[in-house]
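In: Quick check, what structure comes out for this input:
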Amino acid sequence: MALQIIAGRHLTINELGLWPHPPVDYDWLVSVLASRLAKTAFFPPLRPGEPVESRSEALIIENCGGNFVGRAAQLSPLDPSVVQKADERQFSTAREAAAWYLRWQLGISPERLPARLDGWIVA
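Out: Residues are numbered from 1 along each chain as shown. Sure, this is the predicted structure:
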């Protein structure tokens, strides 16, 4: 369930279950995401046939055989077909890539705790 939320899916109260939720541990969240990054080519996952370039306004992490590449792009507000700014980062571990994704895509980092992730408190 944590991976669905991290990937951007909003869960309903019925799907979430117990309310209020106990806090989610930041290190556990990084470990869960790192485990997924190590097992998949892209996170968030691409749909079959979807080119990585189609993810222009979100961060995406690619697993390149144990090394990880984080990509981010920002579209021009005047012309959404033009990439205004792009960034690419290399990571040697899945944990580093996971922490980068949580910080820059979701605003969750050790310095910003406690934080919220779709109603969950991350501490």
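In: residue boundaries of the strands in this protein?
Out: In the chain, strands defined by DSSP state E lie at 42-43, 60-64, 67-75, 83-91, 115-117, 120-122, listed in chain order.
In: Report the buried residues of the fourth one.
Out: In other words, strand 83-91. Buried residues in strand 83-91, defined by neighbour count with 16 or more other Cβ atoms under 10 Å: Phe91. Every C-beta, even on glycine, is put in place using the N, C-alpha and C of the backbone.
In: just use 21 as the starting number from now, easier for me
Out: Happy to do that; since the first residue is 21 now, the last one works out to strand 103-111.
In: tell me the angle that strand makes with strand 80-84.
Out: Using axes from the mean of the first three to the mean of the last three Cα atoms, to 10 degrees, the direction of strand 103-111 lies 40 degrees away from that of strand 80-84.
In: on that earlier part again, adding distance to Ala119 and mean pLDDT, write the strands of the chain out as a markdown table.
Out: As requested, the strands of the chain are arranged in a markdown table below (distance: least, Cβ to Cβ, whole Å; pLDDT from 0 to 100):
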| stretch | distance to Ala119 | mean pLDDT |
| --- | --- | --- |
| strand 62-63 | 13 | 88 |
| strand 80-84 | 11 | 92 |
| strand 87-95 | 10 | 87 |
| strand 103-111 | 9 | 86 |
| strand 135-137 | 13 | 85 |
| strand 140-142 | 12 | 82 |
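In: among the ones you listed, which is nearest Val44?
Out: Of all these, the one in closest proximity to Val44, counting by Cβ to Cβ, is strand 140-142 (4.9 Å).
In: Go through the closest one and flag the buried ones.
Out: If you call a residue buried by 16+ other Cβ under 10 Å, then strand 140-142 has these buried ones: 140, 142.
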